[in-house]
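Sequence and predicted structure, then a few things I'm wondering about:
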Amino acid sequence: MSDSTKNQELAKDGWTAVPRAQSKILANVDKNKPAKISVDNIKLPNSDIARKTQAYAKKELPEKTYNHSMRVYYYGAAIVKYHFPEFESFLETYFLTCMLHDIGTTETNINATRLSFEFSGGFLALNLLQQLGASKSQAESVCEAIIRHQDLGDSGNITSVGQLVQLATVFDNVGMNPTLIDKSTIDSVTEAYPRNKWTSCFAATIREELALKPWSHTTAIDGFAEMVEANVLMEPWD
């Protein structure tokens, strides 16, 4: 296999290495051109694995968490279209990641293991996706992205799909990098998948994780629940 073929395969599943620091990857993004798009103009992946994974997420996740997962996909897809078109090749892998990134927070799953929810969710996704027919490379990419989706920091690298899910989740959960996406896009996404007090719901989940697992990776983000509750950007839609 040639290096170019190998790199194309890595890129297709979201394995391209990019900076972990959001300040670096966003350095050349025009803050005066936020992503402005309706959900009607963003396609969902329609492959067999995408449909099966979405059905699984809709069945297993509470409605508020499912809605958050869908918002994360739409926000990420908008970011790709306007700011990182080179990421378009792995949107299916990104969709799978979005559907399963919080699977470890369900009442059953959070109490079934002592692992941090991102780790248990990543391993669950790895096994599930291979059972549903995903390639090993794609399933592993989703697993790594889920494990690292709260691994914010300024050093080292992360996969491109991992960085995209970080950008979209902190946008929805904390209101970080507000100039990435236009408010009309938030209107469209939240109309399709309402927040329904997601801010207080997710803050409660964080506190549940910390109470059950005081060693959990969530502790790496100081004052995370308070950061979520201070999400001024999303207040009008909450």
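Thanks, I have the structure now.

hang on, isn't T199 packed against V232?
No - taking contacts as CB atoms under 8 Å, T199 lies outside contact range of V232: 10.2 Å. Every residue, glycine included, has its C-beta placed from N, CA and C.

Tally up the residues packed near G223, please.
G223: 9 surrounding residues under other CB atoms under 10 Å.

Tell me how far it lies from E235.
From G223 across to E235, the span is 18 Å (CB to CB, to the nearest Å).

so what's P178 closest to, chain neighbours aside?
L233 (5.0 Å; CB to CB, 6 or more residues apart in numbering).

Using the three-state scheme, assign the one you found.
coil (DSSP: H, G, I helix; E, B strand; the rest coil).

Can you give me the neighbour number for it?
By other CB under 10 Å, the residues close to L233 number 18.

Surely it and N177 touch.
No - the pair L233 / N177 is not scored as a contact, 9.6 Å apart, by CB under 8 Å.

Tell me who's in contact with I110.
Counting by CB atoms under 8 Å, 6 or more residues apart in numbering, I110 touches 104, 117, 208-209, 212.

now P194
67, 237.

All further residue positions should be reported with the first residue as 28.
All set: I'll call the first residue 28, so the last point we hit is now P221.

Please report the distance of it from M203.
P221 is 21 Å from M203, where distance means CB to CB.

give me the low-pLDDT residue ranges for this protein?
28-32 (pLDDT under 70).

And the residue nearest in space to the middle of it, how close does it get to D178?
Of all residues in the chain, the one closest to the mean position by CA atoms, centre = their mean is V192, 3.3 Å from it. V192 sits 11 Å away from D178, going by CB to CB.

in what helix or strand does Y101 lie?
Using DSSP states H and E, Y101 falls within helix 90-109.

Just the buried residues of that helix, please?
91-109 (16 or more other CB atoms under 10 Å).

Stretch 68-84 now?
Within stretch 68-84, the residues that qualify as buried are 69, 72, 76-77, 79-81, 83-84, counting by 16+ other CB under 10 Å.

So what's the residue count around the residue nearest to F144 when sequence neighbours are not counted?
The shortest distance from F144 to any non-neighbouring residue, by CB to CB, 6+ apart, is to G131 (3.4 Å). Per other CB under 10 Å, the neighbour tally for G131 reads 24.

Give me the contact list for stretch 122-130.
Contacts for stretch 122-130 (CB under 8 Å, 6+ apart): 41, 71-72, 76-77, 80-81, 83-84, 87-88, 92, 95-97, 99-100, 103, 136, 144-145, 148, 151-152, 155-156, 161, 165, 168-169, 172-173, 176, 188, 192, 195-196.

Okay, and which of those residues map to strands?
In strands, judged by DSSP state E, none of the contacts of stretch 122-130 are found.

For G160, list the residues it contacts.
Contacts for G160 were tallied using CB under 8 Å, 6+ apart; they are 75-76, 79.

which residues touch the nearest residue to Y101 once chain neighbours are set aside?
Take Y101 and drop its neighbours on the chain: the residue closest to it by CB to CB, 6+ apart is V216, 4.7 Å away. Counting by CB under 8 Å, 6+ apart, V216 touches 66, 98, 101-102.

if you set the cut-off to 10 Å instead, what comes out?
V216 makes contact with 64-66, 69, 94, 97-102, 104-105, 199, 208, 222, 264, according to CB atoms under 10 Å, 6 or more residues apart in numbering.

likewise V56?
V56 touches 62, 106, 109-111, 204, 206-207, counting by CB under 10 Å, 6+ apart.
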